[in-house]
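1. Have a look at this fold, sequence not included:
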Ligand SMILES: Nc1ncnc2c1ncn2[C@@H]1O[C@H](COP(=O)(O)OP(=O)(O)OP(=O)(O)O)[C@@H](O)[C@H]1O
Ligand SMILES: Nc1ncnc2c1ncn2[C@@H]1O[C@H](COP(=O)(O)OP(=O)(O)OP(=O)(O)O)[C@@H](O)[C@H]1O
Ligand SMILES: [Mg+2]
Ligand SMILES: [Mg+2]
C-alpha cells in the first residue's frame, strides 16, 4: 500500500532495491501463481499445457470482463468509494445491446453509443446520490445493483436474448461478432479491448491531473476540498467511470457470447473488487495502483485455470482459491511492511 | 477562571430534543416502511393484510436468519472490519448440522456444540489472519467465503441433505423440529432465537467493557492502544462473534427448513451488511447502534413483504427495493446532519 | 454416415477421459445428475469422468470447455447454463474432432454429436393439464413459484404450465412470483401469497426445492390440506421429491430425467464401439409421480 | 543518595533510515517538573514514546525508582505508574468525554458499565483540570482546544507517579494555559514527577525545576530554569538567534479585505459552532492582522466562514475584497478572490497523513504543475524540492510519509502547500502550533517578507506573545463579535484584560 500512493516518479531520485521491489509488489502474487502454474501444470509429450498458446489465450479471454470492471473499480476504491452495481450494470448493458441490435434493429454505432451513455449515466447518478445526499456508497450501489437488475428484466421482457448475425430484421450486424473472434486464431478480441482500456486507465491514473485528484480525494476528502480540489465532481466522476467500464464489459459480454441476459454478471463485482484489492489497493482509499489491479485480475484467471487443468475437484478448487488469495495478499503486506506501510 | 469554556459547554446540552430524535434516527427508515406498508397494503373486508398477525409473523420469521447474521456484523463493522464469509459459514453450519444429525446420528447437543464451535473457530481464524498478517478483512473473508463453500461441499458430499425426524438411523431427534414451529401457532421460534440474541448483543455492545473496546478500536485504533486496550484480541474476537452468529443462523436454517445445503446463505452477507448500514452504522467504523441494525433488518423484511403482498412484478420489486433503501438512508443522513454528526 | 467412426482414436482397448461441464452445482437436480453419472460410470472400467462446476456463469463454463480441450479429453458431455453463449465453445470442440454429448439443454445449431434430455415445456404442460383436469376439475385459484426469472428453464416451465392450465377455464391464475429455485425464498414468498390470496387451491413450483418451501409456508399458514402442491424434478432418495409425494405433502411432482444412463451408453457406442453414427436426439420421457405410484417408486429404489 | 524516580540510559531508536534517538540519558526526580525542549524532529516525542511504552527502543534501559523495567506496550507503562498526554491528541471521536476519560479502566459493577458513576467521576476530573464541559458530550463535537483539555483530564485520571505532557499548552489560550500551570504545580506538590515538553519558552520560567534541551536525537545540554530566553534559544537552535520577530510593516497599501458589521448565518446552525455575529475589521496589503480571544470565541469560525469551510451559509453586512463587494462563502469563491487558508487541525483537515510530503505539498497547485491536465514529473519534483528547501522541511525526503514527520515539520508542509499558490490574502489559524522557535522565526520572517510584497495576513492565535510580536494590529473577539482593536504598540496585559473581560465596547 505504501508506495503505490507515491506517483512512482516522485521517489525516483532515490530508489533503494527494496523500494524497487516494493514498487512491483503488486505483481508478486501473479509471479508466484504463474510459477506454481508452470510447476504443477500437467504435461503432454514434454509440452507444458499451462504455457501452450491456446491455454494462455483462454486465460486472458476469461478475465477480459472482470478485468474491465476492475479497472473502473480501482478509481472508485482509490477515491475511498465502492461500487457493488457493476455486475448488474454489465447485465443490463448486455441486455440493452442485444435488445437494440436484435429486436429494435438499431445500427451498431447508435446502439453502442446509447449503451455506453446508459452505463455512464447510471454510474453518475449513483455517484451523485451518494455524494449529494451523503449516503454511504455501499448502500447506494447495493440499491443500484437491484435497480439495474430490475431495469434489465424490463428491457428484456423477463427473458434472455440470443443474438444472431446477418442482414434484415431480428439479425445483428455481422461486424459485432468480432468481439467473439480471436486475432490470428489466437489473441481474443475481448482481451484486446481490455488491454486498450487498461493502458488508458493506467495513464489517466498515473499521469494526469485527474488521477492526482482521485488520490487526494480518497486520501483525505476535507484536505482535498480545502486545497481547492473539486471533490464532489471527482467523486461523481469515478462512478461514471465504473459505469462506463461496466457498459463496455456488457457490450463485450454480449459480443463474445452473442447473448444478453439480466442474470449475467451476477457476483462479478466481488471478483472485480478482489482483483483490485489483491493488486494492493487500499479499501480505505488514497492508495492503490492500476498495474496491481491488472496483475490481480490475471492472477485470479491463471489460478482458476491451473486448478482445472489438474482436475482439482470443485470443493478443493474453492479451498485452494481461498488459500492462495490470502497467501498472495499476505506476501504483499509482508513486502510492504518493510517500507513502513500503514 | 475556567468559566471561559462554559459558554461552549452550554451551547451543547446533552439531551436536546434533536439529539434525542437522532438517537433513534435508525428507527426512522423502519417507521416509514411500516407506514408505507399500511398505506399500500391490500385489504380484505376492511382488514389490513399487512398488519394481520399471520403476516407480521411471516415477516419476522423471514428476517430471523439475516437478522442474526447482522447482529454479529454490527460488531465487526463498528470495529472497522467487514465479514463477507457469514453467508457461506451459514451454509457450512446448516450442512454440518444436517450431516451430523441425520447421517452420523450424533445427539442433538453434541451436534449443536460442535457446529457452534466450528463457526467460532472459523471466524476467529479469519480474524487472526487478517490481524496478524495485516491483510484487509475484505480479502481474508472473501477467501473465507470460498473456503467455507468448499468445506460444505466436502462435508455434504456435494449434495443437499433433508432432515426427517423420528427415532432410529437417518432420523434427527424430534426436538430439533421446534425451530420450524410457531409458539401458539403464531410466534416463530426462529424469531425468538433472533430476539434473544439481539437483546444479548445490544447489552454487550452498550453496557460492557468489551463493547466500549469495540467502539474504541474502530474509532481510533492508536488511541485504543495507548489506553492499554488489547487491540488485537478485540479485533480477532469480533470475527469470532460473527462466526458464532453465522453458526447459530445455520442451525436455525437447518431447523426451520429441515434442510442443509452447501449453497444456502448465498448472498446473505450483503443483506446482513445492508441491514447494519441502513441501521446507521458507519462502514468506516467507530460508530453504530445495535438497535439500528435490528430496525434495519426488520425494515428490509417488511419491505419485501409489502411488495409481495401487492403481487408486484419481479422487476418492479427490484426497482422499488433499491429506491426505498436509498430514501431511508437519505432521510437518516438528513436527520443526522442536523446535529453536526460527520 | 460415411463409414468413418465418429471418434478417430476409438476402440475397445483404450482408456478414455470424459469431461462433463455441469452448468452449476447449485441446484439439487444438477447434484443428482452428477451423482447418477458418477454412479453409472463405474460400469465402464475404460471411462474416467471429470466434472467441472460452471458456477452458473457462462463465462466460467466457456473457460471450462476450453480447458477440457486443452486437457484433450476424448469426449465432452455438457449441460449448458444457457444455449447461445456456449455454442461457439462447443462448436470449437467438435472442430477439434472431439465428440460432444449435450444433456438437458441443446446449443444453437447442429455442432453437437448427440442430445439427451427432456422437454421442459412439455413436462410443465403436462403438469398444467394434470392440475386442470385431475386435481382441480371444478376450478379454483392457482399460483406459480417461478425459478430464476429470464433463465431458460424457468421461462419454459412457466409458459408450459400456463398452456396446460388453459384446458380448464374455471382455473384462475392469481399470482406468479420468482423464487430463484430457492427453498427459503419460496417459504417467504408463498407465505405472503397465502396472505394476499387465502383461497389458493394449488401452487406449481419450477423445482422440488421451491415445492418443499411452499409446503412449509402452507403448513405454517395452517393451509397444508387446502393447498395442492406440484413440484418438478422428482428426485429420488430420502431428500428427494418422490418421498415428499409419498408422504402426502405434495400432490405430485414431475421427474425431469437426468439422461445419465443414456448419455453414458452413447459414449460407449462412440468411443468403444467406434459407432459411425448415433441418434442425434434422445428424448427421455418425464414421469408423473403422484399418490398412485409415489410409495411404490420410493420403496423400490430403497433396494 | 536515593535513586531518581525515573532514569533513561543510552536510549536508541531507529525509524527505517532515521536515527531518531542517538543514545539519550534522561532523569526525573519525584516532585520535579522537568522541561524538555528541542527543535521539531529533535526526538522529544520519540523519547517520551519510549517511556510510555508506545515505542519499543532499539537499545538502552529504563529504570523506575532504580528498578530496570521493560515496556512492551502502553499497558505495561500504565501499570508502572507512567501516564502520558500524547502530542497528537488521541481520543476516540465516537465516544463521549466520560468514556474517553475512563477508556481502558472503565468502572464496572458485575461486569456492567456504570455509566452514571463514570459520568459523575468524569465531571469531577474535568473540574480538576479546569474544564467546564459536560462529560456526556461526544469528543467529535469538541474544539481542538477542548480536546486538549480533555486529554489533560484523562492523564490526571490515571493518577500516575510519572506524568508526561507532550506540548499540552499548544492549543490553549491564556486562561486555560494559566490553569494548566496551576494543575502542574499541585501535581508537583503531590510528589508527581512531570516531564513537560513545550515550544512556548515563556512557560519555562513559570514552572520548570530543570530544563533539558535536545537536538538531532541527542541531549545537547541542561540549563537553569531562570536562564534568559536568548540562552535557551541558542541551545535549541545551535546558534544565537538575533531576534524572534521581524520588524513591522514599513508601509501598508490599499485594503484587501474589509468587513463592517458583517455577520454570517449558517444554513444549518451547529451546536458549538460560534458563528461570526458582528465583525468589523480591515486587512491592508502588507499588513498582518491578529485575531485574539479566549477559546471558542469564534476566530476559527470567522476564518472558516471567510474561506467557505466548516459551514455553508450567507454573509450579511459589508464584505469587500479590494474595495468591491465580494460574495464569499464557498471555497471556490475564496480561492478565486486570492484567499488561502491554513487550518488549525493539520492532521484532520490540513494534510493527507498517509500520502508523501511531495503529494501534500503539491495538493493545492496540481493545476499549475499539470499542463494540459497532464502530470509532469520534472515540474512536480522541482516545485517540491524548492518548497522543502524554502520551508526547511526535515528530513528532506519528498517520498517520506507525512504521518512520520514530527509535528512541527508537518506544519511546515501545510504552509508550503498553501503558499505555493501565491495568494493575496492569507488566513492563518494557529499557524505555529507545535512549531519550534527556529521554525517560528523562519515562518514569521517569511510572512513578513510576503507581506512586504503586498500580501495581507489575518492570523488567529492562542499565543498572545506571538500576536503581540508579529502583528501590526490585533483585533479581539468575544462570542462571535470583534470587540476591540489594538495597534502594534499594544501591551500584553491590556490585550489580555480585554480578552478576559466581559464588557462590550465596540471595535474601533
Ligand atoms: N513512526 C516514525 N517513522 C519514521 N520516522 C519517524 C517516526 N516517528 C518519528 N520519526 C522521526 O523521528 C524524528 C523525531 O521525531 P519526534 O516526533 O520525536 O520529534 P519531536 O522532538 O517530537 O518534534 P516536535 O517538536 O515537532 O514534536 C523525526 O525526524 C521524525 O521524522
Ligand atoms: N461543535 C463543534 N463541532 C465540530 N467542530 C468544532 C466544534 N466547535 C469547534 N469546532 C472546530 O474545532 C476547531 C478547533 O477549535 P479551536 O480550538 O481553534 O477553538 P479556538 O480557536 O480556541 O476558539 P476560536 O477559534 O473559535 O476562537 C475549529 O476548527 C472549530 O471550528
Ligand atoms: Mg513531538
Ligand atoms: Mg481556533
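-> Looks like it arrived, so ask away. Everything quoted here is computed from the prediction, not taken from an experiment. Ligands and ions are numbered 1, 2, ... in the order given.
2. And the helices in the chain?
-> Defaulting to chain A. Secondary structure of chain A (DSSP state H): helices at A:17-23, A:25-40, A:53-62, A:64-78, A:86-98, A:108-132, A:137-156, A:189-207, A:209-219, A:221-226, A:231-257, A:268-278, A:290-309, A:314-337.
3. not quite, I wanted chain C
-> With DSSP H as the criterion, chain C has helices spanning C:28-41, C:58-70, C:83-95, C:120-129, C:152-165, C:183-196, C:208-220, C:241-246, C:260-271, C:294-301.
4. who touches the fourth one?
-> Which is helix C:120-129. Contact with helix C:120-129 is made by C:152-153, C:156-167, C:204, C:206, C:230, C:232, C:252, C:254, C:256, C:286, C:288, as judged by CB atoms under 8 Å, 6 or more residues apart in numbering or on different chains. Every residue, glycine included, has its C-beta placed from N, CA and C.
5. Pull out the buried members of these.
-> By neighbour count, with 16 or more other CB atoms under 10 Å in any protein chain shown, the contacts of helix C:120-129 hold C:152-153, C:156-158, C:160-162, C:164-165, C:204, C:206, C:230, C:232, C:252, C:254, C:256, C:286, C:288 as buried.
6. Spatially nearest residue to residue A:333 (excluding sequence neighbours)?
-> Nearest non-adjacent residue to residue A:333, counting by CB to CB, 6 or more residues apart in numbering or on different chains: residue B:134, 4.9 Å away.
7. go on, residue D:125?
-> Nearest to residue D:125 is residue D:153, by CB to CB, 6+ apart, at 4.7 Å.
8. average pLDDT across the helix or strand hosting that neighbour?
-> Element membership for residue D:153, per DSSP states H and E: helix D:144-157. Helix D:144-157 shows a mean pLDDT of 85.
9. on contacts alone, who are the packing partners of that helix?
-> Using 3 or more CB pairs under 8 Å, 6 or more residues apart in numbering or on different chains; DSSP states H and E as the contact test, the elements touching helix D:144-157 are strand D:82-85, helix D:97-101, helix D:115-128, strand D:162-166, helix D:174-189.
10. ok, the longest one near ligand 4 or not?
-> No - figure legend: helix D:174-189 not in contact with ligand 4 (CB under 5 Å from the ion); closest approach 12.5 Å.
11. how many degrees apart are that helix and helix D:144-157 in direction?
-> Counting by axes from the mean of the first three to the mean of the last three CA atoms, to 10 degrees, helix D:174-189 points 10 degrees away from the direction of helix D:144-157.
12. Packing partners of helix D:174-189?
-> Counting by 3+ CB pairs under 8 Å, 6+ apart, helix D:174-189 packs on helix D:144-157, strand D:193-197, helix D:201-207, helix D:492-500.
13. Partner strands of the shortest one, with direction?
-> In the sheet containing strand D:193-197, its partner strands are strand D:33-38 (parallel), strand D:162-166 (parallel), by DSSP bridges.
14. re the thing from before, which of the helices and strands packed on helix D:144-157 has the lowest mean pLDDT?
-> Minimum mean pLDDT among the helices and strands packed on helix D:144-157: helix D:174-189, a mean of 87.
15. hey, least reliable of the helices of chain A by pLDDT?
-> Looking at those, the bottom one is helix A:17-23 with a mean of 53.
16. Is there a neighbour count for the residue of the stretch 151-300 of chain A found nearest chain B? I'd like the number.
-> Residue of the stretch 151-300 of chain A nearest chain B, by CB to the nearest CB: residue A:153 (3.8 Å). Other residues within reach of residue A:153, judged by other CB atoms under 10 Å in any protein chain shown, total 26.
17. Residue B:317 versus that one, what's the distance?
-> 10 Å (CB to CB, to the nearest Å).
18. Report the contact partners of the residue lying closest to residue A:116 once chain neighbours are set aside.
-> Take residue A:116 and drop its neighbours on the chain: the residue closest to it by CB to CB, 6+ apart is residue A:247, 4.7 Å away. Contacts for residue A:247 (CB under 8 Å, 6+ apart) come out as A:89, A:93, A:115-116, A:118-120.
19. hang on, the earlier thing: residue contacts, the closest residue to the residue of the stretch 151-300 of chain A closest to chain B other than its chain neighbours?
-> Closest residue to residue A:153 apart from its sequence neighbours, by CB to CB, 6+ apart: residue B:315 at 3.8 Å. Residue B:315 sits next to A:150-151, A:153-154, A:158 when contact means CB under 8 Å, 6+ apart.
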